[in-house]
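>>> here is a sequence together with a model predicted from it:
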Amino acid sequence: MTAKPRPIRKAVFPVAGLGTRFLPATKAVPKEMLTIVDRPVIQHVVDEAKAAGIEHFIFVTGRNKGVIEDHFDTAYELERTLADRGKRSELEALQREVPGAGQASFTRQQAPLGLGHAVWCARDIVGDEPFALLLPDMLHHADRPCLAEMIEAYNQHGGNHIAVAPVPEDQTHQYGIVGVAARDAKVSRITSMVEKPPRGTAPSNLHITGRYILQPEIFDLLATQQRGAGGEIQLTDSMITMAKNSGQPFHAVRFDGAIYDCGSKIGFLMANVAYAMERPDLAPLLKAGIKKLM
Ligand code: UTP
């Protein structure tokens, strides 16, 4: 009988990027704090991790990102004021979202050297156990949270898991792409991985969407700090080495919901419309407003 895989208790959220695609909005405000309807992007992603059973939330922050730490902390004066004014439901909603004592950790990436480097910065907090990694600007919208589906697949197969989704063939050069053993399966063994393949060379049109379950051995590879595409320390490069050299299995979990890249202006706008359309308090007015604009 094969041993049950170790549980996934911790999730890493790298939030130290510069957000250059969204300047000037992100000059003083982290892109992760831009709001989708009335919740910051990062809150939506933390909610996804919570719904998947994650117990410890690890944020890799950087310069100008202090407000993210404040968002996940008690706001004593505000809470006191809400209590004094009898705004009980607003107060309870705020308090519900603050992680419990010791459930959130913050570490800092001093320079944005790439996603791989940001993940490596969390090594001591993660320790020697498998963990989830969620890119906070990529919203995965579905009835069943993406990470919950991945953990289910992980509990069955163990090893490492990467969420994937199809992109148009002429866009594969912009993404991390994986080749898989069974193209149409919900969960399939990954046979190859490549970061931003030159046009016409991609092994498939399945791109890496920003949700991962990784074994802690990834930190040893990230420690080499090798630069890859764009001069950045790339996570995909270390995953490729890990798959090749250690024989660690990697599985692709196909995500069938909608994905919004909220680090891009169009992705952010589309996410706002999609999330607002699901809100009974907003949808009728929004529909009427859009109709008028059209
Ligand atoms: P992105 O490449 O989408 O973020 O990285 P970015 O660099 O902020 O975006 P642009 O291209 O300049 O607009 C994916 C995620 O990894 C984090 C980002 O914050 C984002 O959530 N990241 C990226 C880091 O934490 N550190 C880095 O060095 C790079």
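Done, it's in.
>>> quick check, pLDDT for the residue of the stretch 1-150 of the chain found nearest the ligand.
Proximity to the ligand, evaluated over the stretch 1-150 of the chain using CB to the nearest ligand atom, is greatest for Gly17 at 2.1 Å. Heads up, the C-betas are built off the backbone N, CA and C, glycines and all. Among the per-residue scores, Gly17 shows a pLDDT of 90.
>>> that one: how many residues sit nearby?
23 (other CB atoms under 10 Å).
>>> what's the nearest residue to it if we skip its chain neighbours?
Pro112 (5.7 Å; CB to CB, 6 or more residues apart in numbering).
>>> right, and that neighbour touches Val15 too?
No: using CB atoms under 8 Å, Pro112 is not in contact with Val15; the gap is 10.6 Å.
>>> list residues touching both of the two?
Counting by CB atoms under 8 Å, 6 or more residues apart in numbering, the common neighbours of Pro112 and Val15 are Gly62.
>>> which of those two has more residues huddled nearby?
Ranked by neighbour count (other CB under 10 Å), Pro112 and Val15 place Val15 first, with 26 against 17.
>>> where does the spatially closest residue to the more buried one that is not a sequence neighbour land on pLDDT?
Excluding its sequence neighbours, the residue lying closest to Val15 (CB to CB, 6+ apart) is Glu32, at 4.8 Å. With respect to pLDDT, Glu32 scores 94.
>>> Glu32 contacts Pro136, doesn't it?
Yes: here Glu32 reaches Pro136: they are 4.8 Å apart, a contact under CB under 8 Å.
>>> name the residues contacting each of the two.
Taking CB under 8 Å, 6+ apart as the criterion, Glu32 and Pro136 both touch Val15, Val41, Ile42.
>>> which of the helices or strands spans Asp237?
Asp237 belongs to helix 235-245 when assigned by DSSP states H and E.
>>> can you give me the angle the next helix or strand after that helix makes with helix 235-245?
Next helix or strand after helix 235-245 toward the C-terminus (DSSP H and E): strand 250-254. Here strand 250-254 points in a direction 130 degrees away from that of helix 235-245 (axes from the mean of the first three to the mean of the last three CA atoms, to 10 degrees).
>>> right, I'll call it a day here.
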